[in-house]
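Trainee: Could you work out the structure for the sequence below:
(3 chains)
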Amino acid sequence: MTNNDILSGLNPPQRKAVETVNCPVLILAGPGSGKTRVITHRIAYLVNILGIRPYQIMAVTFTNKAAREMRERLSALSPDTVKDITLGTFHAICVKILRQEAENLGLNRDFSIYDADDQLKLVKEAIKNCGLDSKNYTPGSLLSKISHTKSRLLSPEESALQGGSYYDEIAAKVYSNYQQLLEKNNALDFDDILLKTLRSLSSRPDILKKYQQRYLHILVDEFQDTNLVQYELVKMFSALNCNLCVVGDPDQSIYSWRSADIRNILNFEKDFPESETIMLEQNYRSTACILDAAQSIIDSNQERKPKNLWTKNDTGEKLKVLEAYDQREEARIVIREIENLTDNLNTPLGDIAVLFRTNAQSRAIEEAFIRHGIKYRLAAGTKFYERREIKDVICYLKYIFNPHDYLSLLRIINIPPRNIGKNTIESLKRWAYSIGTSEGEALLSLKSFDKDDTNNAFTPRSFRLLKDFSSNIGELMEMAQEMRITELLDRVLERVNYKSYLLTQPDGEDRWQNVLELKSVAQQYNDYSPSEGISAFLESVSLVSDTDNLGDGREGATLITLHQAKGLEFPYIFIIGLEEGLLPHYRSMDDPWQMEEERRLCYVGITRAKKGVYLLRAFKRMLMGTTQSNPPSRFLKDLPDNIVTGNQYGKEKIRTAGFNLHHRSKNETGEKPYFLPGKSAPHKQVKESKAQNIIGLKAGNKVRHPQFGEGIVVSIKPVEGDQEVVIAFNGDQVVLKRILLSYARLEKL
DNA sequence: AAAGCGTTTATTTTT
DNA sequence: TAAACGCTTT
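Mentor: Numbers count the residues shown, from 1 in each chain, chains lettered A, B, ... in the order given. Take a look at the predicted model:
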């Protein structure tokens, strides 16, 4: 591999991004600007040209998928590098370090990793422990508050000292208790994995130094999505050598609600005054039209670094802005346009993605796709590791691996049913308390106790049931010391009769197949030593989401949220639901900061497209059980006229088509207003409405429509704030159309 | 344990 | 609208 191989084919800024290696570097990479290419070439440059050992490089990504992709591309460029480089997600890298250094840091290396589900259970428990009524304190909101607090590096004590509202006080109490519970279970949640690494290493400079010396170069992808803890980690690791290279695009920061802090990237230059900033502005993905549209939408944001995206690509087709009557028509229009693409332009379905703000929106599209026999794949919904049978089996392993893990024990203690009910569990808890240990340990201890020595903690029946289970699991724990992971799995399944249990359940056969699939996943860890194998397997199960498994099965159209679409690209993109309240979402309406994130979300969506963009909205739609009618998204209005086409009636009309009348009529009729009082209505009032022009239209009247021509009014009925007219148009054949009066520029004849 | 019933709630979810 | 939850009943 020569200098030339690595640098040729890069444009000047890309090349600079690869070659600037002796100071902190900020790479602002616009969408489609060859970001991954730059990172992989930079690593190859470090290794093959500068002779840095791969062992001394750390490359951090946000998803396992990104890590995998980077590994693949890097191995094509510099095959030997991938063996020794530290390349993974923040979480994966930190777990490795924690396990590696457990002894030095005074940690138990067999910790469990708790996912969102587990966390929620602990929060509920914590709420109970604090003597609070979970009716008044929803576990979910407390959990997210706790997570935000952790991401801001605050301990329970510190957050208690912060003061604040009554609710904050409660949250601090629950946080404290929650943290104790984690500790008791010898478990870390996702935040802890990072926090623990940061805290324990910074309190042990001697150990930290080892890592600081080792990592001569650190690269971070998607830097706009880092939270404070991650930023501090990166700073900590790079403090000695200062060769930190961060890559990202502030305009694509869409995870603030998960504590991602866009200021990390916006203020990078201030934090590292000696850093160099490199802008990657040439786009290789999209047509000029699409790029223009994206740029004109993002330009309205205040809190951003201006960028000048450009491309050598063709101008391409204009963006199609299409208006539908309701969500069903919206779906029909999507299908109409998809069929046009596939039938007339020979576009494979796999080239098409439909993007939406909320998962609920996919329903109408799915139904229509099914009706029309259009194949699709839904990004959400393939949650392998969330299946009950998978969780069951994994919890057996988790408990075997970490006997303090009461949460996992609780899940399996009576699955398959072994008559261990609430009372028996209560007695186990009492017993654990009385001997001063965790429930999990207490259960195991039973095998060396006689009923008479347990201080009447148990009824004879409870004791027998628990002891049986205890010795069964105890033996499995011994086997875990000397068996390969798949063997152990087999023993577990066999010992507890899991298969025959599953087969008594609905869909048992399918679910058993899932278990077998899990076993085949485990097979990858058979080369490890027994204890390493179970640890690595559990780690991968805990840290890898299966959304990764969306895979490249590109036979059907892709249905996906705007958030999930980040990082992907498709020749054709449909964004649906471009309405005030949906995109931008109503929860962001009263906060300019959040509104900017909605705008970024829209920007992310549009920049996914290579060739064509369709932007759809519905005049009314069913949302949360009520029919809502919301104005067109403000984002539509930012698109310059010369790059859009479609069935919209021009921008003025979008603004004036009488939508505000709908709002008003809703409030007057006592319906729940969509925009809650106090939240600003998004649009200035404009009174004019076409509907006024043809007051007194009746069935039987002759009318002319600008597109459909002459027709006869079949019926007319009032709908909220408007009139719905059914008209029979007589073209080649008679066609019935349902039309809203305020839209249709009808002429009475 | 499971089934039935009323109540509550509804944005996004890289690890 | 519809699903998820928690409580009561069988």
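Trainee: For A:Thr459, list the residues it contacts.
Mentor: A:Thr459 makes contact with A:423, A:427, according to C-beta atoms under 8 Å, 6 or more residues apart in numbering. The C-beta positions use only the backbone N, C-alpha and C, and glycine is treated the same way.
Trainee: In terms of helices and strands, where is whichever residue of the stretch 351-500 of chain A sits closest to DNA strand C?
Mentor: Of all residues in the stretch 351-500 of chain A, A:Arg363 sits closest to DNA strand C, at 7.7 Å by C-beta to the nearest atom of the strand. A:Arg363 belongs to helix A:362-371 when elements are defined using DSSP states H and E.
Trainee: ok so, going back, burial measure for the residue of the stretch 351-500 of chain A closest to DNA strand C, as a count.
Mentor: 14 (other C-beta atoms under 10 Å).
Trainee: same thing with A:Ser75?
Mentor: Neighbours of A:Ser75 under the rule other C-beta under 10 Å: 14.
Trainee: residues from the stretch 1-150 of chain A in reach of DNA strand B?
Mentor: On the criterion C-beta under 7 Å from any atom of the strand, DNA strand B has as its neighbours in the stretch 1-150 of chain A the residues A:62-65, A:89, A:91-92, A:116, A:138.
Trainee: For the residue lying closest to A:Lys318 once chain neighbours are set aside, give me its contacts.
Mentor: Spatially, and ignoring its direct neighbours in sequence, A:Lys318 is nearest to A:Thr645 (4.4 Å; C-beta to C-beta, 6 or more residues apart in numbering). A:Thr645 sits next to A:318-321 when contact means C-beta under 8 Å, 6+ apart.
Trainee: pLDDT, distance to DNA strand B and secondary structure added to these, as JSON lines?
Mentor: Formatted as JSON lines, the contacts of A:Thr645 follow (pLDDT from 0 to 100; distance: C-beta to the nearest atom of the strand, whole Å; DSSP: H, G, I helix; E, B strand; the rest coil):
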{"residue": "A:Lys318", "pLDDT": "96", "distance to DNA strand B": "29", "secondary structure": "coil"}
{"residue": "A:Leu319", "pLDDT": "96", "distance to DNA strand B": "23", "secondary structure": "strand"}
{"residue": "A:Lys320", "pLDDT": "96", "distance to DNA strand B": "24", "secondary structure": "strand"}
{"residue": "A:Val321", "pLDDT": "96", "distance to DNA strand B": "23", "secondary structure": "strand"}
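Trainee: follow-up on the earlier one: so which of the residues of the stretch 1-150 of chain A next to DNA strand B also contact DNA strand C?
Mentor: Of those, not one also sits near DNA strand C (C-beta under 7 Å from any atom of the strand).
Trainee: any idea which of these is closest to DNA strand C?
Mentor: A:Thr138 (9.1 Å).
Trainee: Which pLDDT does the model give that closest one?
Mentor: pLDDT for A:Thr138: 84.
Trainee: A:Leu749 too?
Mentor: pLDDT at A:Leu749 comes out at 73.
Trainee: what's next to stretch A:522-535, contact-wise?
Mentor: Outside stretch A:522-535, the residues within contact range by C-beta under 8 Å, 6+ apart are A:99, A:109-110, A:397, A:400-401, A:480-486, A:488-489, A:536-537, A:540.
Trainee: can you list the residues of the stretch 501-650 of chain A near DNA strand B?
Mentor: Counting by C-beta under 7 Å from any atom of the strand, the stretch 501-650 of chain A comes close to DNA strand B at A:543-545, A:547-548, A:561, A:563-564, A:566, A:585, A:587-588, A:594, A:624-625.
Trainee: and the least confident of those residues?
Mentor: Taken together, these show their lowest pLDDT at A:Asp548, with 50.
Trainee: For chain A, name the helix or strand with the lowest mean pLDDT.
Mentor: Across the helices and strands of chain A, mean pLDDT, DSSP states H and E gives its lowest value to helix A:659-668, namely a mean of 30.
Trainee: Out of the contacts of A:Thr645, who's the most crowded?
Mentor: Top of the contacts of A:Thr645 by neighbour number is A:Leu319, holding 26 neighbours under the definition other C-beta under 10 Å.
Trainee: for the nearest residue to that residue once chain neighbours are set aside, phi and psi?
Mentor: Leaving aside its chain neighbours, A:Leu319 sits nearest to A:Val613 (4.5 Å; criterion: C-beta to C-beta, 6+ apart). Dihedral angles of A:Val613 (phi, psi; degrees, to the nearest 10) stand at phi -130, psi 130.
Trainee: pLDDT on whichever strand or helix holds A:Gln179, on average?
Mentor: Element membership of A:Gln179, judged by DSSP H and E, is helix A:166-184. Across helix A:166-184, the average pLDDT comes to 90.
Trainee: following it, which helix or strand comes up?
Mentor: Once the chain leaves helix A:166-184, the following helix or strand, as judged by DSSP H and E, is strand A:187-189.
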